[in-house]
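Trainee: Provided below for reference: sequence and predicted model.
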Amino acid sequence: MIDIVGNRKWFFLISICLLVPGIISMLAFGFKLGIDFSSGTVMTLRFSQQVEQGVLRQQMAQLGYDDATIQKTSEGDFLVRTRDINSDEKVALIDGLEKGLNTDVTIRDLETVSPVVASEVARNAAIAVLVASIFMILYIAFAFRHMPSPFKWGFSAVIALLHDVLIVMGIFSILGWLIGYQVDSMFIVAMLTIVGFAINNTCVVYDRIRENVRKGISRDFAVTVNSSILETIARCVNTSLVVILTGLALFLFGGVTIQQFIMALLVGVLVGIYDSIFVAGPLLVLWDRGLKTESKAA
Amino acid sequence: MKTSDTLLLLFIAVLVGFSIWAIVPLEGDRFGRQGLTLGLDLKGGAYLVYEADLSKKDPSQTVDQVMTSVLNKIERRANAFGVKEPIIQRQGENRILVQLPGEKNVDEAKKLIGQVALLEFKETTTDISGQPQTDDKGGYIWTIATGVGSDGQTKELTGKYLKPNSRVELKSNTNEPEVAFEWNDEGAILFEQITKRNINKPLGIFLDGQLISYPTVRAVIKSAGIIEGMDMKEAQNLAIQLNSGSLDVPLTVILEQTVDATLGADSIKKSVVAGAIGIILVILFMILYYRMAGVVAALALIIYGIILTAIFKLVPVTLTMAGIAAGVVSIGMAVDANILIFERMKEELRAGRTMGAAVDAGFNRAWLAIRDSNVTTFIACIVLFWFGDTFGAFMVKGFALTLFIGVALSMFTAITVSRLLLSLTARAVKNTWLYGVKA
C-alpha cells in the first residue's frame, strides 16, 4: 500500500517549496493589478502592417505615453495599457499611431476604468472575499458537525485551503513580473471557484475518514487516514482531471480574452488535487499526533 | 422495469424532447426567443457607466426627478441614433449604465449620449453708438439673450423652448447641412423680442458654452430658425440632442468596455471549438476509464448539454466569455456527480453485491457527497453574483449566473438521468469488467 501519511514530511516539504518562492515574490514585488483595481485603459490593437514591439513602444513614448505597457498577444495583436484616457485622447493616440507607423489601426477591444470605480471595485472585491470566506467556514463547521472534534477537522480543512490560495497567489505574483499576468476581479472569481472545488475534495476525503473511523478499520489513526485517502484518490483525481481537460481546451483554443482567468482556474485545480491527497489528510494526522504528544508530556 | 423507472424515463424523454424542440434550429423562434442571447464581449458593442454631477442640478428638483429625466433623454437619444435594443439603467444614486449591443460607432454614440447639449442664444453687448463691442482680439463680447415671457417673467432663451421636431436640411445653394428648428409658443415670444432688438447685429448660437455660429439677424423672426456651421454628422447629432432635450446635469464616463464585433465573432468561434474539444476529451476519458459506465456518463453529459442550451435560450441567459468558461467548468461538475456514483458503485461491486444493488447503493451513498460538495460552489456563486451587481463588471456576474445554473442542473441530471440510465444498463449488461471491476 502506498504510504502517503507516513511520508507526510516529504509532502509538507514539497508544499513549503511551492509556498516560499511565491510568498517571497508577493512580499518583494506584490501583484500586477488589473485596471479594474488600479484604474487605467487597456486596448487590444490590431495593425494592418507588421509592427515591431520596440517601434510601437517608441511611438507611444513620442505621443506622451512613455509609461505604457505593451504586450504582444499570441494572435499578433498588441495589448496596450495606459493611464485612463478619454475619447478625445484615444482618438488622438490612434491617429498618432496610424500616422507615425504608417498603418491602419483597429481597436479590437477597449476597457477604461476611472480611479473612482477602481477603488470601489477593490473594496467590493475585498468584501466579497470576506463574505464568501465567512460563509464557507460556516459551511465547513456545519459539514463537520458530526466529526469527533469538529474544530480540529474544520481548522485543518481551512489550513489546507489557505495553502491552496497562497500557492496560487504566489504563482500569479511570479507570473506577474515574468509574463505580465494580472490580478483583477476575474482572478478573485477564479480563486473563489477554486476554493469551492478544494472544499469539495477535502470534504470527500474527510467524509471517508469519518466513515472508516466509525467502521474501525484500524486502531492507528494514521493508517485509517491513509487508506481513506487511497480509497478516494480516484474520485478526487478524476473529477479534477475532467475540469483540467475542458479548461486546457479553453486555454489553448479559447482565445486570449479569458486566458489568464482559465490559467488561474487550472493552477488552482491542480494545487487542489495535491492538497486534497497529500496535505489535508496528513494535516489531520499531524494535529492528532501533536495533541497526543502534548498530552503525554503533560 | 419498475413503475418509478418507467415514469422517470417518460419524464426525461419529454424533457429532452422539449429541449431539442426549443433549440433546433437555434435561430428558430421559440416563445419569442430567437437564438442565444449574446453578451457584449461576444457580439461587440459598448458597456458604459456614466456618473452624473448632481452638484450641478437645479435645486428645485429632487435627485430622482433629475435622474429619471436624464435617463429618458438618454434613451431617446440612443433610439434616435439607431442603436438596437439599448439597455439604460440607473445604478445607485448617481450612475447610469448604458449598454449599446452591436454598436459599431461607439465613439460617436458615446459623445451623442453623454453630452449635455444645452443650446443657448447670446447677443452682443453694444457700445454707446449701438454698435457691437469687441474684445482685444476682435471677437464679440456675448451676453445671454433674454426676453419677457407670457407670464411677465424675464427668461433666458435656451433649447428648452424648442419643439421636438428639429431636423437636418441641406442648404439649397451650397448643399451644406443645417439644423432647422421651431420654437414653441413661449420660445416664439422670446425670440421675437430678441431678433427685434438685434436687427443687423449678430446673434450667437452656443452649444454647451461653445460658439457654433453667429448669423446676422436680417428680420424679426418668431417661430423658426436654422443653425449652420457644422458637418453632416454634427448636424445629425445636434438634431437628435435638441429633440431629446439637454441633459439636466453633466455626465462623465467612469467605466467603459468596448468590443469590436469581429473580435466577438472570433471569440464565439474559438469557444465553440474549445468547448467541442473539451467535451470530446471528457467523453473519451470517461469511456476509457469507466467503460460501460463511461458510456452512460457520456450520454448523461450530452443530455445535460441539450437541456443547458435550452435553458440558456429560453430564460434567456446572456452568454459571455466568462459564462462560457463557467459552462465548461460546470461540465466538470456534471461529470463529477457521475464519477462519485461510479466510484461508489465499483466499491459495492468489489464488496460482492449484485449489479442492481450496487447501482442503488452507489447512488444513495454518492448523493450526500454530491449535494454537500455543491453547496460551496453555490455559496461562491451567490456572493459573486451580488458582488458583480454592485458595479459594472459583467464578466463576474455572467460567470456566477452560468455556473449556478450549470451546477444546479448537474445535480438534477445526476438524480434523474444518470440514475435511470445506470439502472437500465445494469439490468441489461451484467459483465462487471465493463464497469471497471475485475470479475
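Mentor: Everything's here; your move.

Trainee: Find the nearest non-adjacent residue to residue B:120, please.
Mentor: Leaving aside its chain neighbours, residue B:120 sits nearest to residue B:206 (4.4 Å; criterion: C-beta to C-beta, 6 or more residues apart in numbering or on different chains). (Glycine included, C-beta is placed from N, CA and C.)

Trainee: My guess is that neighbour contacts residue B:123. True?
Mentor: No: contact between residue B:206 and residue B:123 fails when scored by C-beta atoms under 8 Å: they sit 11.4 Å apart.

Trainee: quick revisit: pretty sure the residue nearest to residue B:120 sits in a strand.
Mentor: Yes: if the criterion is DSSP: H, G, I helix; E, B strand; the rest coil, then residue B:206 is within a strand.

Trainee: who's more crowded, residue B:206 and residue B:123?
Mentor: More crowded of residue B:206 and residue B:123, by other C-beta atoms under 10 Å in any protein chain shown: residue B:123, with 23 against 18.

Trainee: re earlier: anything in contact with each of residue B:206 and residue B:123?
Mentor: Both residue B:206 and residue B:123 are in contact with residue B:142, where contact means C-beta atoms under 8 Å, 6 or more residues apart in numbering or on different chains.

Trainee: Okay, helices next: where are they in chain B?
Mentor: In chain B, the helices defined using DSSP state H lie at B:3-23, B:40-43, B:63-81, B:106-114, B:185-197, B:232-244, B:261-290, B:292-314, B:321-350, B:355-389, B:394-413, B:419-428.

Trainee: Residue B:56 is nearest to which of these?
Mentor: Among the helices of chain B, the nearest to residue B:56 by C-beta to C-beta is helix B:63-81 (9.5 Å).

Trainee: What is the closest one packed up against?
Mentor: The contact analysis (3 or more C-beta pairs under 8 Å, 6 or more residues apart in numbering or on different chains; DSSP states H and E) places helix B:63-81 against strand B:45-52, strand B:87-91, strand B:95-101, helix B:106-114, helix B:232-244.

Trainee: Grab the nearest non-local neighbour of the closest residue to chain A within the stretch 101-250 of chain B.
Mentor: Closest approach between the stretch 101-250 of chain B and chain A, counting by C-beta to the nearest C-beta: residue B:107, at 5.5 Å. In space, and not counting its chain neighbours, residue B:107 is closest to residue A:87: 5.5 Å by C-beta to C-beta, 6+ apart.

Trainee: which ones are touching the one you found?
Mentor: Contacts of residue A:87 by C-beta under 8 Å, 6+ apart are B:107, B:110-111, B:253.

Trainee: Can you tell me who residue B:177 pairs with across the strands?
Mentor: residue B:170 (DSSP bridges).

Trainee: can you pull the contacts of it?
Mentor: Counting by C-beta under 8 Å, 6+ apart, residue B:177 touches B:168-171, B:230-232, B:235-236.

Trainee: do residue A:276 as well
Mentor: Shown in contact with residue A:276 (C-beta under 8 Å, 6+ apart): A:160, A:198, A:201-202, A:204-205, A:236.

Trainee: out of those, who has the most neighbours?
Mentor: Ranking the contacts of residue A:276 using other C-beta under 10 Å puts residue A:202 first, with 29 neighbours.

Trainee: So residue A:229 lies in a strand, does it not?
Mentor: No: looking at residue A:229 with three-state DSSP, it is helix, so not inside a strand.

Trainee: Quick check: it touching residue A:205?
Mentor: Yes: taking C-beta under 8 Å as the definition, residue A:229 is a contact partner of residue A:205 at 6.1 Å.

Trainee: Which of the contacts of residue B:177 are buried, as a PyMOL select command?
Mentor: Per 16 or more other C-beta atoms under 10 Å in any protein chain shown, the buried members of those correspond to this PyMOL selection:
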select buried, chain B and resi 168+230+235+236
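
Trainee: mind listing what residue A:194 touches?
Mentor: Residues near residue A:194 by C-beta under 8 Å, 6+ apart: A:164-165, A:168, A:264-265, A:268-269, A:271-272.

Trainee: Mind checking which of those residues land in helices?
Mentor: Reading helices off the contacts of residue A:194 with DSSP H, I get A:164-165, A:168, A:264-265, A:268-269, A:271-272.

Trainee: what sits against the residue nearest to residue B:120?
Mentor: Residue B:206 touches B:119-122, B:142, B:212, counting by C-beta under 8 Å, 6+ apart.

Trainee: can you tell me how far it sits from residue A:213?
Mentor: 83 Å (C-beta to C-beta, to the nearest Å).

Trainee: Quick one: find the helix or strand in chain A with the lowest mean pLDDT.
Mentor: One helix or strand of chain A scores below all others by mean pLDDT, DSSP states H and E: helix A:280-297, with a mean of 71.

Trainee: would you turn the ones in helices among the contacts of residue A:194 into JSON lines with pLDDT and neighbour count?
Mentor: Shown next, in JSON lines, are the ones in helices among the contacts of residue A:194 (pLDDT from 0 to 100; neighbours: other C-beta atoms under 10 Å in any protein chain shown):
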{"residue": "A:164", "pLDDT": "92", "neighbour count": "30"}
{"residue": "A:165", "pLDDT": "91", "neighbour count": "18"}
{"residue": "A:168", "pLDDT": "94", "neighbour count": "27"}
{"residue": "A:264", "pLDDT": "92", "neighbour count": "26"}
{"residue": "A:265", "pLDDT": "91", "neighbour count": "29"}
{"residue": "A:268", "pLDDT": "93", "neighbour count": "27"}
{"residue": "A:269", "pLDDT": "91", "neighbour count": "26"}
{"residue": "A:271", "pLDDT": "93", "neighbour count": "22"}
{"residue": "A:272", "pLDDT": "90", "neighbour count": "29"}
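
Trainee: Return only those of those found close to chain B.
Mentor: When contact is defined as C-beta under 8 Å from any C-beta of the partner chain, the ones in helices among the contacts of residue A:194 meet chain B at residue A:265.

Trainee: so what's the residue nearest the centre of chain B closest to, chain neighbours aside?
Mentor: The centroid of chain B falls nearest to residue B:99 when counting by C-alpha atoms, centre = their mean (4.8 Å). In this structure, residue B:99 finds its nearest non-sequential neighbour in residue B:87, 4.0 Å apart by C-beta to C-beta, 6+ apart.

Trainee: I'm done for today, thanks for sticking with me.
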